[in-house]
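Enquirer: Quick check, what structure comes out for this input:
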Amino acid sequence: MVSKIKIYKNFEVLKKHQNAMILIGNFDGLHQGHQKLFKEAEKYKKKYKSKIGVVTFDPIPKMYFNKKIRNYRLSNLNQKSKYFSDYDVDFLINKKFDKRFSKISCHNFIKNFLSKKLKADFIFVSNNFKFGNKREGDVKLLKKGQKKYNYKVINPKPLYKNKKIISSTHIRKLIQKGKLKVANQLLSRNWSIEGTVEKGRMMGRKIGFPTCNIDIKNYVIPKVGVYAVDTYVENKSKKIKGIANIGYRPTFNQKKLLLEVNLFKFSGNLYNKNLTINFTKFIRGETKFKNIDALKKQIKKDIKVAKR
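Expert: Sure thing, here's the model as predicted:
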């Protein structure tokens, strides 16, 4: 059962959430490297009978500073909250990252936010953690303030896989290249997208394969093509297998990127329903077919692969 996490939009937390263990970062995708940090926090929680709080930012600072970056996220806030609850997190501060906040100096961030407002006992960060105006603050600076502000910094060594540091950046690149199997291994789960079903042109229905159209919003764009997926409708626990196509429908001369999901053994109206689509396998890249019959023939083959 998923425990309910208290979500704050700023650092004005309840007294019971002060003197806690604070984990700071974007934690996009909550991959194995992040999980190592959270598991460490769980040990401290048990030992010191304290609370665990997470500080994260929206938008991701990189997206704020570079407005050209649109499709970047591995997970949205709702997904992050679910992942955090698996690690006994008590509260989450989802701070809006704007011009005003970006101008706060690293010293003021420590003094006024971590110390004065949160009264943090332990601060958990990754080794490459940067903070404050112009990213002037780092782990070294954070450690310098330990005695003065009465907190302790915990920063475990990064986790490696095949001589590469496990990072959200690395996982994004894997997804973009269609290396879904490796990405899912580093996430310890299937990468997923949450979205609302929108009304489309019903091209899938016309050729005998009705699909749900999902706006990918600011998620990272995976390699265009066909995927095997497990889909969940709203908050229901029942898994529905299917195939998804993400691409531009070259056979229909479509130019807009679309995520279309065909659900097996399902009938019903899903318009405006929220779906969670778990990408389990990359089947093939996007292809332009000579005609509709050739496309239909290939879709039948894709479905067989997805059902294996």
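Enquirer: hey, let's count contacts and neighbours off CA atoms from now on
Expert: Noted.
Enquirer: Closest to the centroid, which residue in the chain?
Expert: Centroid-nearest residue in the chain: residue 75, 1.7 Å away (criterion: Cα atoms, centre = their mean).
Enquirer: For that one, report the pLDDT, please.
Expert: Looking at residue 75, its pLDDT reads 97.
Enquirer: What is the neighbour count of the closest residue to it other than its chain neighbours?
Expert: Nearest non-adjacent residue to residue 75, counting by Cα to Cα, 6 or more residues apart in numbering: residue 29, 5.2 Å away. By other Cα atoms under 10 Å, 23 other residues sit near residue 29.
Enquirer: so how far is residue 87 from residue 29?
Expert: Taking Cα to Cα, to the nearest Å as the measure, residue 29 falls 14 Å from residue 87.
Enquirer: if I pick the residue lying closest to residue 240 once chain neighbours are set aside, what's in contact with it?
Expert: Once flanking residues are discounted, residue 240 sits nearest to residue 231: 5.0 Å by Cα to Cα, 6+ apart. By Cα atoms under 8 Å, 6 or more residues apart in numbering, residue 231 lies in contact with 239, 240, 241, 242, 263, 275, 276, 277, 278.
Enquirer: Which positions within the host helix or strand of residue 175 qualify as buried?
Expert: Assigned by DSSP states H and E, residue 175 belongs to helix 168-176. Judged by neighbour count (16 or more other Cα atoms under 10 Å), helix 168-176 contains these buried residues: 168, 171, 172, 173, 174, 175.
Enquirer: and the residues you listed as JSON lines, adding distance to residue 61 and pLDDT?
Expert: Listed next are these as JSON lines, based on distance: Cα to Cα, whole Å; pLDDT from 0 to 100:
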{"residue": "168", "distance to residue 61": "14", "pLDDT": "97"}
{"residue": "171", "distance to residue 61": "18", "pLDDT": "98"}
{"residue": "172", "distance to residue 61": "16", "pLDDT": "98"}
{"residue": "173", "distance to residue 61": "19", "pLDDT": "97"}
{"residue": "174", "distance to residue 61": "22", "pLDDT": "97"}
{"residue": "175", "distance to residue 61": "21", "pLDDT": "98"}
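Enquirer: Between the residues you listed, which sits nearest residue 146?
Expert: Residue 146 lies nearest to residue 168 out of the buried residues of helix 168-176, by Cα to Cα, at 28.3 Å.
Enquirer: shouldn't the closest one be in contact with residue 28?
Expert: Yes - the pair residue 168 and residue 28 qualifies as a contact (Cα atoms under 8 Å) at a distance of 6.2 Å.
Enquirer: Can you pull the residues that touch both of these two?
Expert: residue 74.
Enquirer: Residue 283: what secondary structure?
Expert: Under DSSP: H, G, I helix; E, B strand; the rest coil, residue 283 falls in the strand class.
Enquirer: what residues are up against it?
Expert: Contacts for residue 283 (Cα under 8 Å, 6+ apart) come out as 225, 226, 227, 228, 302, 305, 306.
Enquirer: Could you identify the buried members of the residues you listed?
Expert: The neighbour count (16+ other Cα under 10 Å) marks 225, 226, 227, 228, 302, 306 as buried among those.
Enquirer: Dump those residues to TSV, plus pLDDT.
Expert: As requested, the buried ones among the contacts of residue 283 are exported to TSV (pLDDT from 0 to 100):
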residue	pLDDT
225	95
226	96
227	97
228	97
302	94
306	94
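Enquirer: Let's see which of the residues you listed end up in strands.
Expert: Those of those mapping onto strands are 225, 226, 227, 228, per DSSP state E.
Enquirer: ok, what's across the strand from the first one?
Expert: In this case it means residue 225. Beta-bridge pairing of residue 225 under DSSP bridges involves residue 246, residue 285.
Enquirer: re earlier: ok, and the residue nearest to residue 240, which helix or strand is that part of?
Expert: Counting by DSSP H and E, residue 231 is found in strand 225-233.
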